[in-house]
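Undergrad: Predicted coordinates and the sequence they were generated for:
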Amino acid sequence: MLAKIRVALIERVKPIHRKFRRQKIDLFLGLVGESSGRARLLDVGGGAGVSGEFLQLYSSFASVLVVNLTSDTIDPPSGVRLETMAADGRCLPFETGTFDWVFSNAVIEHVGGWDDQNRFAQEIRRVASCGYFVTTPNRHFPLEPHTLLPFYQFVPTRVQRWIAPYSPGYVRQYEEINLLSAAQMQRLFPEATVVALGFPVLGNSLVAYFRRG
């Protein structure tokens, strides 16, 4: 019964998910501007997306490298130079300024505690020569997006371990997820503009974006 509820709920959430991801992509491409067709993009912890929505983003750039802890294959859009490799976002194996732009969608909350998140942020800032665009769920939005449970992010870890297997969302068992507030994102990305996106009034997502010059 729980499995059927999960499938039905996730299917209902998918159109909203796609809409909000489209909002992020449009904001990012607006930040990059017309230079995207000549630019190299690094996507840290990325992939095609729930419904392939990030493939359109990739098609706007001259070349794309997607790094994850495992180098899963991604079928690129026609005409796009896309590579994948295994790398840890907290210690990227690239020289400073290697990429024009760095993009990371809803990854930083999965990399560990504050020290790991800071290392992740510093690496993104280091390898981006033109700018970056980093998103994460808003800690202060009442519905936790991985479990689809209200206020899950505020209960103790021992309670999360108990209720995670019964969540109606994407999570099937407990995993460490450290959601961030707007103030914390600003500390991690001090030169960036931090905005809330998604639902009106209290956005469900936070974005830290920066364009050099």
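TA: Okay, I see it. Numbering: from 1, shown residues only.
Undergrad: dump the residue contacts of R90.
TA: 111-112, 116, 119-120, 123 (CB atoms under 8 Å, 6 or more residues apart in numbering). C-beta here means a position set from N, CA and C on the backbone, and glycine is covered the same way.
Undergrad: do K19 as well
TA: Neighbours of K19 in contact, by CB under 8 Å, 6+ apart: none.
Undergrad: Same check on the one 3 residues further on?
TA: R22 makes contact with E53 under the criterion CB under 8 Å, 6+ apart.
Undergrad: So which residue is smack in the middle of this structure?
TA: Centroid-nearest residue in the chain, with CA atoms, centre = their mean: N105, separated by 1.5 Å.
Undergrad: thinking again about what came up before, check the contacts of R90 and tell me the two furthest apart.
TA: Based on CB to CB, the longest span within the contacts of R90 runs between G112 and E123 and measures 13.2 Å.
Undergrad: Compare these two (neighbour count), which wins?
TA: E123 (19 against 15; other CB atoms under 10 Å).
Undergrad: ok, that one - contacts?
TA: Counted by CB under 8 Å, 6+ apart, E123 has contacts 44, 89-92.
Undergrad: most surrounded residue in the residues you listed?
TA: Highest count within the contacts of E123 by other CB under 10 Å belongs to V44, 27 neighbours.
Undergrad: before we move on, the earlier item: just to confirm, which helix or strand has the closest residue to the residue nearest to the centre of the chain other than its chain neighbours in it?
TA: Of all residues not flanking N105 in the chain, T135 sits nearest, at 4.9 Å (CB to CB, 6 or more residues apart in numbering). Assigned by DSSP states H and E, T135 falls within strand 128-137.
Undergrad: What strands line up against that strand, and which way round?
TA: strand 99-105 (parallel), strand 205-211 (antiparallel) (DSSP bridges).
Undergrad: For the protein, which residues score under the pLDDT cut-off?
TA: Within the chain, the stretches with pLDDT under 70 are 1-17.
Undergrad: What's the separation between the residue nearest to S167 when sequence neighbours are not counted and I108?
TA: In space, S167 comes closest to T147 once its chain neighbours are excluded; the distance is 3.7 Å by CB to CB, 6+ apart. In this view, T147 and I108 are 18 Å apart by CB to CB, to the nearest Å.
Undergrad: Show me which of these two is the more surrounded one.
TA: Between T147 and I108, counting by other CB under 10 Å, I108 is the more crowded of the two (30 against 21).
Undergrad: if we can go back for a sec, might you report the residue contacts of the residue nearest to the centre of the chain?
TA: 21, 24, 43, 45-46, 54, 135.
Undergrad: can we see that at 7 Å?
TA: Counting by CB atoms under 7 Å, 6 or more residues apart in numbering, N105 touches 24, 46, 135.
Undergrad: just these now: which is nearest Q153?
TA: Distances from Q153 to the contacts of N105, taken by CB to CB, are shortest for T135, at 16.3 Å.
Undergrad: Assess the claim that the closest one and I108 are in contact.
TA: No. Here T135 lies out of contact with I108, judged by CB atoms under 7 Å, at a distance of 8.4 Å.
Undergrad: for the protein, what spans make up the helices?
TA: With DSSP state H as the criterion, the chain has helices at 2-32, 53-58, 114-127, 157-163, 182-188.
Undergrad: Much appreciated, bye for now.
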